[in-house]
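Novice: Please find the sequence and the predicted model below.
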Amino acid sequence: MRLFKIFSRYSAKIHEHYQDMGSEKFRKRWWRKLLILYIALGTVLSLWIFWYLKSQTLEKRKEILTNMCDERASMLQDQFNVSMNRVQAMSILISTINHGKFSSASDQVTFAKYTERTAFERPLTSGVAYAARVLHSEREQFEKQQGWTIKKMPSVNKDKYNPEDLEPSPIQPEYAPVIFAQDTVAHVISLDMLTRKEGRENVLRARALGKGERIEATDGYLCGVFDIESSVEKLLQQLASKRTIYVNVYDTTNMSDPISMYGTDALDTGLEHVSPLNFGDPSRKHEMRCRLASVFKQKQPCQILAISTSFGIFVITLLVGHIFHATVNRTGKVEDDFHIMSQLKIRAEAADVAKSEFLATVSHEIRTPMNGVLGMLDMLMDTVLDVTQQDYGSGKALVSLIYGVLDQAKFESGKLELQAVRFDLWEIFDDVLSLFSGKSQEKGIELAVYISAKVPETLIGDPGRFRQIITNLMSNSVEFTEKGHIFVTVHLLEEVMESVDVETELSAIDTLSGLPVADRNRSWEGFRPVGKIEGPSESVTLIISVEDTGVGIPLDEQPKIFTPFMQVGPSINRMHGGIGIGLSISKCLVNLMNGEIGFDSVPQIGSTFTFTAEFSNPNEQQINGLAKSKLEFSNMQAVVVDPRPVRAEVSRYHIQRLGMHVEIVSSLTSMLSMLTYGTQTIHVVFIEEEVWDQDLGNSAVFLYKLKNLDHVIPPKLFLLTNSIGAHRHKNAFSSPTVITKPLRVSMLAASLQRAMGGNKSNDRNGEIPKLLSLSKLLVGRKILVVDDNNVNLRVAAVALKKYGAEVVCAENGRKAISLLKPPHPFDACFMDIHMPEMDGFEATRKIRETERNINNHIQHGSLLLQDYANISDWHVPILALTADVIQATHEECIRSGMDGYVSKPFEANQLYQEVSRFFQ
């Protein structure tokens, strides 16, 4: 354990060390020093490389100079040895010829010819001469024999001089006059070699090399004249390298004052090599000194290579240092930016959490009292009220505004997700039509929906969000349209795109109301082509258009129409209200559905909004056809009297959903002819109000003739109108049954049932009240409602009592736990979440825990089943009642053991729909 602690402490220190290394403080403290050290090392390295390459170059040049100099010295030495050998050979030859003879056996001519012919054998000699040894006693006789006087050798070297002008040799013990000479040195004949100091020393030194007998037997001396300067010159020319190096030959017997035998004084090039020479005289020393010529130095690239290499390494060092410096600075900046972004991210997340919490809190605090307000208003609507008191739309408008703001916040935070559930497309549009039917009837505008027969009836997607898009678009149309119509069409995207090329612009008479409309084709001009829409093969892409004849959108306001909280103008805002958030939310929802949205609007003509949405198509597709819930109308024949083709087709579409066979005629006269002369039995006639009111006299005649027809059962007449009570004020005589648009299946079915002797309800549109047909499920059920707000308790209790339920109220979670402890008489429970003392989550968990314990004891026999109402598996349905609408709250409800979720403010049918599914 102690070792583990030490290791942990050491690891922590290492972690802190590396954290400190990555900190800005470390970079500022050490990086600059490391960078300077690196550049210094790089500079030293470049200088060392320069020195090394230069030294290598110098050594190479020294080696070259040594080789060249030794080569020349060796060749010069070899030639000298050869020449000396030939001279010695000649001396032997001459001594042999003249041995023992007083006078020479040879003469000058023979000697000159012989030496000239053999001169190539003596490459270093410029000439050869033979001097006889003459004693003083023999001088006179020798001079008579030769015919000339022995002359004194001049003290200064001269190539040419006249022997007659020279002085006779002085008296001395012996003489060495030249008697034979090669033509090149013939001027030395008669000269005494012993009269000059150098000559005398050379002769005596040569004679001293022999022994006593040989010295006494000496007859003469063979002299070779060596021309070192010309010899070396020839040698260099033979090597073709005269200009490569400078060569000097010195007599270095006296080192303090060497005698130059060859060469010129050249500038010091810094490199010199000395090669020794041996010219056969042990008392004298000779050497060859060689220096590189400047031409050779210029030809050597080694110096440039050393400079360029070292400079390149230095530049590379600087570049790498600069790169490292920039990298560290960039890394530091990125790390600093990362830390800043991390802090900003933390702040943004905190702000997002705070925003979500704020919205949830605001939503909860607004929804809770709004639930009480709307609930009380709904209770008041069940009492006798006048027309003014019945107007309570402001509360619902406020709730709608709250929903819109919350949705916009979800979009901005990216937390909105779509569901994937099976839903009925017809039901959604029927619900939307019901929502806007009242206002459209008040304005007297035509409101209609048409769904193509190719569109599947059942789809998989998010019905709530799809309904929200339709509601937002239709709400704007209803709000900004004072006359004409609002027409919603639903098609498959492929169906519309295939027919767009053959469509022509609609005339006024071809619209729903006869008024001109904006071109719907232009509203989807920017959409993706059908072939490029990606998705699984079982997907279905719908295209929905909402067409109105309202005020339209000004051209300068159209580019910002989808911007959140932007409105088209202050005048329109004052006239129609709103906060400009519906279209923005619709665009976001369409994008989530992999769709697109566009529009075309003409001021004072109207607007057409079109969007696409992608859904999944279930395997068991149900194509629009007969309404299976209304089989009693499947064999009936109906006729629609309407002069407008579009409107007549829409009416036929809704009537056909009941299973009827529908024909269309344009006038009452045509209808009467069909009844009089036709062979088919007509069961129902739907007459458009425009046709009926066009000529009231003709309408009266039609009614009269219809009663006198020979039909066993006369057809039932229905008048289709856009406004409530409009026809009743215009007609004094009896008129057909009025059906107020927009047409819906439930309303048409109820009207037909009532007209044919079914339900006699006097409901405004003839619809069967759902409360009456569904309330039996809750009759006799005992339901517990838990809420700390007395108003909400009362609202929920009254709503459930409408369905025949028995309601018990509790103010907090602790009381709910005691009431729901098995055995208990309750069939279900509505539980508020936010309550003092104990919230709904904790109360639900404790209730579920109690139920599990009791169920386990019953199963193991520790508790008697009879004591617990003979129920072996206790599980009371608990439904959450809360003003929180965020997904996290819903998930927490499921985790705590709740079975459902009802958001505030709620309506009676919401409570019923959630609780009734447990009793079916």
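Specialist: In hand now; what should we look at? These numbers come from a predicted model, not from an experiment. Numbers count the residues shown, from 1 in each chain.
Novice: Give me the helices and strands touching the helix or strand containing Leu706, please.
Specialist: In this assignment (DSSP states H and E), Leu706 forms part of helix 696-707. If you count contacts as 3 or more Cβ pairs under 8 Å, 6 or more residues apart in numbering; DSSP states H and E, helix 696-707 packs onto helix 668-677. All C-beta spots, glycine's among them, are computed from the backbone N, C-alpha and C.
Novice: Mind listing what's buried along the helix it packs on?
Specialist: 668, 671-672, 674-675 (16 or more other Cβ atoms under 10 Å).
Novice: pLDDT weak spots in the stretch 51-200 of the chain?
Specialist: 97-105, 155-161, 163 (pLDDT under 70).
Novice: can you pull out the strands in it?
Specialist: All strands of the stretch 51-200 of the chain, identified by DSSP state E, counting those that start in this stretch, fall at 125-132, 134-135, 151-152, 174-175, 178-181, 191-192.
Novice: Dump those into a markdown table; add mean neighbour count as well.
Specialist: Shown next, in a markdown table, are the strands of the stretch 51-200 of the chain (neighbours: other Cβ atoms under 10 Å):
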| stretch | mean neighbour count |
| --- | --- |
| strand 125-132 | 23 |
| strand 134-135 | 16 |
| strand 151-152 | 18 |
| strand 174-175 | 19 |
| strand 178-181 | 24 |
| strand 191-192 | 24 |
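Novice: Thr511: which of these is closest?
Specialist: strand 125-132 (134.7 Å; Cβ to Cβ).
Novice: That closest one pairs with which strands?
Specialist: strand 178-181 (antiparallel), strand 220-226 (antiparallel) (DSSP bridges).
Novice: returning to what we had before: what's the following helix or strand past the helix holding Leu706 packed up against?
Specialist: Scanning forward in sequence from helix 696-707 by DSSP H and E, the next helix or strand is strand 716-721. When contacts are defined as 3+ Cβ pairs under 8 Å, 6+ apart, strand 716-721 packs onto strand 684-688, helix 689-694, strand 737-740, helix 745-755.
Novice: out of the ones you listed, deepest packed?
Specialist: strand 684-688 (a mean of 24; mean count of other Cβ atoms under 10 Å).
Novice: okay, the angle between that strand and helix 668-677?
Specialist: Going by axes from the mean of the first three to the mean of the last three Cα atoms, to 10 degrees, strand 684-688 is angled at 170 degrees with respect to helix 668-677.
Novice: Number the chain from 32, please
Specialist: Taking 32 as the first residue, the last one we looked at is strand 715-719.
Novice: Which residues does strand 715-719 contact?
Specialist: 667-675, 678-679, 682, 686, 691, 699, 702, 746-751, 767, 770, 783 (Cβ atoms under 8 Å, 6 or more residues apart in numbering).
Novice: That one versus helix 776-786: what angle between them?
Specialist: Using the same axes, to 10 degrees: strand 715-719 against helix 776-786 is 120 degrees.
Novice: What strands flank strand 715-719, and is each parallel or antiparallel?
Specialist: Strand 715-719 has these strand partners (DSSP bridges): strand 668-672 (parallel), strand 747-752 (parallel).
Novice: ok, of those, where does mean pLDDT dip lowest?
Specialist: Lowest mean pLDDT within the strands paired with strand 715-719: strand 747-752, at a mean of 87.
Novice: Direction-wise, compare that strand with helix 727-738 and give the angle.
Specialist: Using the same axes, to 10 degrees, strand 747-752 lies at 160 degrees relative to helix 727-738.
Novice: Convert the C-alpha atoms of strand 747-752 to CSV, please.
Specialist: Output in CSV follows, covering the C-alpha atoms of strand 747-752 (Å, rounded to 0.1, in the frame of the first residue of the first chain):
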residue,chain,number,x,y,z
LYS,A,747,-81.4,13.6,-49.5
LEU,A,748,-80.3,17.2,-50.3
PHE,A,749,-77.4,18.9,-48.6
LEU,A,750,-76.2,22.4,-49.0
LEU,A,751,-72.5,23.0,-48.9
THR,A,752,-71.6,26.5,-47.4
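Novice: any idea how far that strand is from the chain center?
Specialist: 64 Å (Cα atoms, centre = their mean, to the nearest Å).
Novice: With stretch 255-262 instead?
Specialist: With Cα atoms, centre = their mean, you get 89 Å for stretch 255-262.
Novice: That one: end-to-end distance?
Specialist: 14 Å (Cα to Cα, to the nearest Å).
Novice: and Trp555, backbone torsions?
Specialist: phi -120, psi 20 (degrees, to the nearest 10).
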